[in-house]
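In: Provided below for reference: sequence and predicted model.
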Amino acid sequence: MNLHEYQAKELFRAAGMAVNPGEVAGDARAVRRIAERWDGKVVVKAQVHSGGRGKAGGVRLARTAGEAESSAEAILGMEINGLAVERVLVSPLEEIASEAYAGVLVDRDSQCPVLMVSAEGGVDIEEVARDNPDAIHRLHVDPRYGLMPHQAFGLAGKLFRDPAQRRQGARIIAQLYQVFVENGASMAEINPLIATAAGEVLAIDAKVSLDDNELFRRPALAALRDPGSEDEAERKAREKGLSFVRLEGNVGCCVNGAGLAMATMDLVKHCGGEPANFLDIGGSSNPDKVVAALEIITADPAVRVILFNIFGGITRCDDVARGIVEATRRIEIEAPIVIRLTGTNERLAREILADAGFAAGTSMDEVVQEAVRLAG
Amino acid sequence: MNLHEYQAKELFRAAGMAVNPGEVAGDARAVRRIAERWDGKVVVKAQVHSGGRGKAGGVRLARTAGEAESSAEAILGMEINGLAVERVLVSPLEEIASEAYAGVLVDRDSQCPVLMVSAEGGVDIEEVARDNPDAIHRLHVDPRYGLMPHQAFGLAGKLFRDPAQRRQGARIIAQLYQVFVENGASMAEINPLIATAAGEVLAIDAKVSLDDNELFRRPALAALRDPGSEDEAERKAREKGLSFVRLEGNVGCCVNGAGLAMATMDLVKHCGGEPANFLDIGGSSNPDKVVAALEIITADPAVRVILFNIFGGITRCDDVARGIVEATRRIEIEAPIVIRLTGTNERLAREILADAGFAAGTSMDEVVQEAVRLAG
Amino acid sequence: MSIFVDEKTRVVVQGITGRDGSFHTRQMMAYGTRVVAGVTPGKGGRAFEGPGGAVVPVFDTVAEAVARTGADASVVYVPPAFAASAIMEAADARIPFVVCVTEGIPVLDMTRAHALARDRGSRVLGPNCPGIICPGKTTLGIIPGRIVAPGPVGLISRSGTLTYEAVHHLTRAGLGQTACVGIGGDPLIGTSFVDCLEAFAADPGTEAVVMIGEIGGTAEQKAAAWAGENLDIPVVGFIAGRTAPPGKRMGHAGAIISGSAGTAEEKTRAFEENGIRVALRPSEISALVADALGR
Amino acid sequence: MSIFVDEKTRVVVQGITGRDGSFHTRQMMAYGTRVVAGVTPGKGGRAFEGPGGAVVPVFDTVAEAVARTGADASVVYVPPAFAASAIMEAADARIPFVVCVTEGIPVLDMTRAHALARDRGSRVLGPNCPGIICPGKTTLGIIPGRIVAPGPVGLISRSGTLTYEAVHHLTRAGLGQTACVGIGGDPLIGTSFVDCLEAFAADPGTEAVVMIGEIGGTAEQKAAAWAGENLDIPVVGFIAGRTAPPGKRMGHAGAIISGSAGTAEEKTRAFEENGIRVALRPSEISALVADALGR
């Protein structure tokens, strides 16, 4: 789950980090009042879960409160990568002497948190990684010991030569790691971490993604979720315990298991079709989930055919069959439904489907071809 | 630094532990009022840094508020192992179904915290260790991982058979370990950890010693020190950065280095004398420390002779000599001073001493013999 | 032959009294797995009833279960909030092989659990994995026994049902398996493709290997490089997620393309560069294996 | 000969710009120790002036110092609040031998520092120790060079000045030393009596060993048992604290008698039972050694 910049900064401040001040607003008049507090010399930043805010025009500098207001007017309501901007963060302009980068995430290979810093901050770190990989310094943190002081100090030395700034940088790196661990984050990032003209080291941007698997035990963080920032179908799927990703095609897919779901999408494409979605109903046998899945798929007007691909293991085929029958009773489904079922309780499932007038294949290849043909 | 039971219980409560209620009072009238709150059915416990409070009569049960008051009168002002009782802790009586023990300290061999539990609680655990060592269960906690849930649950199983009590016990053991680590303790102990007649698991006693080396970074804990509970000379020595322990003899000892100081005491005894104290002036060369040391030694009326044994390394012999001369100017010292000096700046030291009319030997054996002779 | 476990492996089930744990314990026992103990804290002393009147003792802790039954492998069916602790308990009890089926364990919990497992010398399979089945010998986890058959193919996969799909085709094509291993769909897993390849390389019964990968991470690339360098039996590959968009988590916590790394194209290229033939459809896998084995 | 270190050992001093660090660095250099680097965070790039115009580069981190100078031992003169971190930094930089002179380090800090040192394969001497001197070769720590002389005796001690007292007698009696090691007066120390005995046993130059123990703990008993079992050169012992009362900390954090364990009587008995002759006065040590060596 992604946090907004202003939310991430609150977590940073709670850890004692030096972060530039800022206030959030949802309308341009309020932005003007906030900007007046800083003589109008502010930066107005779209609060939206998307990278490339700057390139999209979602970050604007103002020299007067009036400019700040008109910047806010331009940004609020703007769409960035399909997401509407509902809030902006207003912060005083800082005089920037240098810009660095600091981030932390969990590395798959070492199975440890890895801190990354670069003296090349304020730019897309992915680009730095590609164009100048030596400019990124990595440190694996042994989870048994946590981040040790000499490690933070060592990393800070890659960013700052001045001893006082290096010490401040080390403190901020340690606080970044602390925020990461104590909030169950999957990623935490400061870009840029600046030295001001006056020599202070300051985080002026913040990005934190929380590990969804941590949210059950962190209700205060779970409550930070911004429902407006989420695709309606993805939100509903999440609430129903389904994994769903919207795609561009017209073959609605409903599969049990993430790997098989991806393979099904791939096969649709391979056969000349276009999948409308990724949808994993998971392992549990529950007709209700199948109903919810069908509701989500059919809500997409682009869907021309619905493809079920079920390999029964824990998932019982009869439960899926019951869900399909139940859903067709509850909601009007115009698109044809093509079903592949095999595995646990397959025979019973076929009987249930046959009673309701559905046939089901056993071969994934054949059924996918059929679905693609029907999507035409 | 030892905490009083009531202070230790506050740390336990702060960690969320189930601890029996209690209130501290310094006079018997207040004890009566407190006892009334619990229908007079209370236990009154001396708050003093000494084991064996029960055997010394420092723990009394009352059935009425009047009894509680007279118990408090008996306990307050009592001396336990030479320490005056200034406060009592008043707690409601609990109906005890079983008594267990749980404690944690750092083990020298494994260099890890070690948790110890025993179903034989409410008695001296040293006795249990001697008479029935199998009744004590030990768990080494890997400091890299801390106490893991299965470990606490495993230990609790040695104390409680009932699953609900075992879970409560595991929680308390985990909280005990947390108190130990988060407060920089050298020892934390619950004896007894009881199951009440109603089935609740409850800590009704608490003992915590803090690592003196942690206090510099824990001012709130350092402030818990009870100056009244400390020997005056030991308190002054601590404040001056000296290590001092009062003994029974009449040869006052002033040595640099803990090992040499012990060896000097031993040699005094070996030569037929009795040391009056252990005193290590430490490694730093500081005439003021020598003055403070002489003030502490001479404050003991039993001292008949003062013995210096200095092997100069970091300690500069001339600094010690200056301190001796300075002290004899500032304070009246009646006891003869016998000095052994060797090592760094030895010659300069001898000159300083000679100018002030002191001689100094070079052999530890000879000087100790002389001191014992003078102590007569 | 088999890898990691065999018919002599003595299994303790953590979470045996739970809904999933009890169901799959019975399935495992029915397949022939030697389930010698169960663990559910607070339920020690009970007896778990398996199929055919078989009875499994339940203990409060893994340490007790090991001491009393000599269990040398564990399967963890414990809810995500407690699953990392359960793995740590098993590792701390020196269980050499721990399968964790649980999905949804916090990643930071797993950094600690994997560290302890390394320190204690335990191999963890998973988490978020279907387990391992050695056809005709034993199964630890949830892979359906009826879709496998003994034979010369080793199978390694990051997914569950896609594995079943592939195995199903193999079995119907007469290509039985030495072992089918689901290594799990999480970003941090205890047993990698390479670990499994090493084990299959050392197993004289395995004559060909199937590797079923998916988008996210670079484990397939590493495995391909290792196989190219070290393996002298044929490998057939498959990668799921060619149509997945970047930046989106495709069900599995580990199945997410970040930056240019972790795409299906990268992985397919790595396979092919190391002599691994890549099936474009699950149903092609068995034909490629048959071809590689000269059947 | 010597143990642990010798004239080729390349030393980095942590806290070289501090009061104690700078003083003892000059002392060490004057004795002949190869001090190749210093570390003080925030002071990297400076130069430390040793005796006779020798110059030592100062670095911000131990890792830099190791990378640039090949240091293979460290001496820590860092205040107690930061000393455990300094040891961890040295261990993390894979320094194989770390001497920590600092007294007063929190014990729980040291549980973590010792754990990391073990994980990284570093030997820690101390903390709260005077260090090690190999007469005529090198000294790491604060043992005064003028009281030692080369010769056949190995000396191990928990204390500082008491060690000097004993060495002084040995040297004056013509009994030089292969190495004098102060293992430290704290309860948790990185190098034990037994570790030193093993090293002396492997050193062909060491013909007799002196062990100077004190009250508290059971390290002397373990060492005595080890020597009785494994050592074929004579050992002479001394125990300080025969007159110490129980329950009181005698200066050293480790010198406290708790329960019946750790008394001087127990330790003396353990020495004698294992053929170790025990001196009752420091001045007797040299005579017992001379006797044992047949001089």
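Out: Good, I have the coordinates.

In: Could you measure from the closest residue to residue C:249 other than its chain neighbours over to residue D:100?
Out: Excluding its sequence neighbours, the residue lying closest to residue C:249 (C-beta to C-beta, 6 or more residues apart in numbering or on different chains) is residue C:256, at 4.6 Å. For glycine as for every other residue, the C-beta is placed from the backbone atoms N, C-alpha and C. Distance, residue C:256 to residue D:100, using C-beta to C-beta, to the nearest Å: 45 Å.

In: ok, those two, which is more surrounded?
Out: residue D:100 (31 against 19; other C-beta atoms under 10 Å in any protein chain shown).

In: residues contacting that one?
Out: D:75-76, D:83, D:86-87, D:124-129, D:184, D:190 (C-beta atoms under 8 Å, 6 or more residues apart in numbering or on different chains).

In: So which of the residues you listed reach chain A?
Out: Among these, the residues that sit close to chain A (C-beta under 8 Å from any C-beta of the partner chain) are residue D:86.

In: Among the contacts of residue D:100, which ones are in helices?
Out: In this view, these that belong to helices under DSSP state H are D:83, D:86-87.

In: Wait, the residue nearest to residue C:249 touches residue C:245, no?
Out: No - if you go by C-beta atoms under 8 Å, residue C:256 and residue C:245 don't touch, sitting 10.1 Å apart.

In: which residues pair with the residue nearest the centre of chain C across the strands?
Out: Nearest residue to the geometric centre of chain C (C-alpha atoms, centre = their mean): residue C:182, 3.0 Å. Listed beta-bridge partners, residue C:182: residue C:131, residue C:157 (assigned using DSSP bridges).

In: how would you label the closest residue to chain A within chain C: helix, strand or coil?
Out: For chain C, the residue closest to chain A is residue C:159, as judged by C-beta to the nearest C-beta, at 2.3 Å. At residue C:159 the chain is in coil, as set by DSSP: H, G, I helix; E, B strand; the rest coil.

In: ok, it touching residue C:216?
Out: No - with contact defined as C-beta under 8 Å, residue C:159 does not reach residue C:216; the gap is 11.5 Å.

In: Of the two, which one has the most company?
Out: A direct count of neighbours by other C-beta under 10 Å for residue C:159 and residue C:216 places residue C:159 higher, at 31 against 27.

In: Need the nearest residue in space to the more buried one, chain neighbours excluded.
Out: Residue C:159 sits nearest to residue A:259 (C-beta to C-beta, 6+ apart), 2.3 Å away.

In: now do residue A:26
Out: Closest residue to residue A:26 apart from its sequence neighbours, by C-beta to C-beta, 6+ apart: residue A:87 at 5.1 Å.

In: hang on, that neighbour packs against residue A:28?
Out: No - the pair residue A:87 / residue A:28 is not scored as a contact, 11.7 Å apart, by C-beta under 8 Å.

In: what's the overlap in contacts for these two?
Out: Listed contacts common to residue A:87 and residue A:28 are residue A:76; contacts here mean C-beta under 8 Å, 6+ apart.

In: and the one residue in the stretch 101-250 of chain C that gets nearest to chain D, how many neighbours does it have?
Out: Residue nearest to chain D within the stretch 101-250 of chain C: residue C:119 (8.7 Å; C-beta to the nearest C-beta). For residue C:119, the count of nearby residues is 15 (other C-beta under 10 Å).

In: Check the secondary structure at it for me.
Out: Put simply, residue C:119 is helix when judged by three-state DSSP.

In: what does the model give the residue of chain C positioned farthest from its centre for pLDDT?
Out: Here chain C reaches farthest from its C-alpha mean at residue C:45, the gap being 30.2 Å by C-alpha atoms, centre = their mean. Residue C:45 carries a pLDDT score of 95 in this model.

In: on that earlier part again, doesn't residue C:214 make contact with the residue nearest to residue C:159?
Out: Yes - the pair residue A:259 / residue C:214 is scored as a contact, 5.6 Å apart, by C-beta under 8 Å.

In: And the closest residue to chain C within chain A, what's its pLDDT?
Out: Here the residue of chain A nearest chain C is residue A:259; by C-beta to the nearest C-beta that distance is 2.3 Å. For residue A:259, the model assigns a pLDDT of 95.

In: Could you say which helix or strand holds it?
Out: Using DSSP states H and E, residue A:259 sits within helix A:258-270.

In: The next helix-or-strand element following that helix and chain C in contact?
Out: Note on helix A:258-270: by DSSP H and E, the next helix or strand toward the C-terminus is strand A:277-280. Yes - under the criterion of C-beta under 8 Å from any C-beta, chain C is reached by strand A:277-280 at A:278, A:280.

In: who does strand A:277-280 touch, helix- and strand-wise?
Out: strand A:243-246, strand A:251-255, helix A:258-270, helix A:287-298 (3 or more C-beta pairs under 8 Å, 6 or more residues apart in numbering or on different chains; DSSP states H and E).

In: Can you add mean neighbour count and give those back as JSON lines?
Out: JSON lines is the format used below for those (neighbours: other C-beta atoms under 10 Å in any protein chain shown):
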{"stretch": "strand A:243-246", "mean neighbour count": "21"}
{"stretch": "strand A:251-255", "mean neighbour count": "29"}
{"stretch": "helix A:258-270", "mean neighbour count": "28"}
{"stretch": "helix A:287-298", "mean neighbour count": "22"}
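
In: could I get these as a markdown table with distance to residue B:332?
Out: Shown next, in a markdown table, are those (distance: least, C-beta to C-beta, whole Å):
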| stretch | distance to residue B:332 |
| --- | --- |
| strand A:243-246 | 88 |
| strand A:251-255 | 96 |
| helix A:258-270 | 88 |
| helix A:287-298 | 93 |
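
In: what's the pLDDT at the nearest residue to residue C:169 once chain neighbours are set aside?
Out: The shortest distance from residue C:169 to any non-neighbouring residue, by C-beta to C-beta, 6+ apart, is to residue C:286 (4.2 Å). pLDDT, residue C:286: 96.

In: before we move on, the earlier item: from residue B:81, how far off is the residue farthest from the centre of chain C?
Out: Distance from residue C:45 to residue B:81, by C-beta to C-beta: 46 Å.

In: ok, residue A:132 touching residue A:124?
Out: No - proximity of residue A:132 to residue A:124 does not meet the contact threshold set by C-beta under 8 Å, at 11.9 Å.

In: So the two - more neighbours on which side?
Out: Just comparing residue A:132 and residue A:124: by other C-beta under 10 Å the higher neighbour count belongs to residue A:124, 15 against 11.

In: Quick check: the gap between that one and chain B.
Out: Remark: distance between residue A:124 and chain B (C-beta to the nearest C-beta, to the nearest Å) = 37 Å.

In: which bits of the stretch 51-200 of chain A sit near chain B?
Out: Residues of the stretch 51-200 of chain A lying near chain B (C-beta under 8 Å from any C-beta): A:144-145.

In: I figured residue A:300 hits residue A:246, correct?
Out: Yes - between residue A:300 and residue A:246 there is a contact under C-beta under 8 Å: 7.2 Å.

In: Spit out the residues that contact these two alike.
Out: Common neighbours of residue A:300 and residue A:246 (criterion: C-beta under 8 Å, 6+ apart): A:233, A:276-277.
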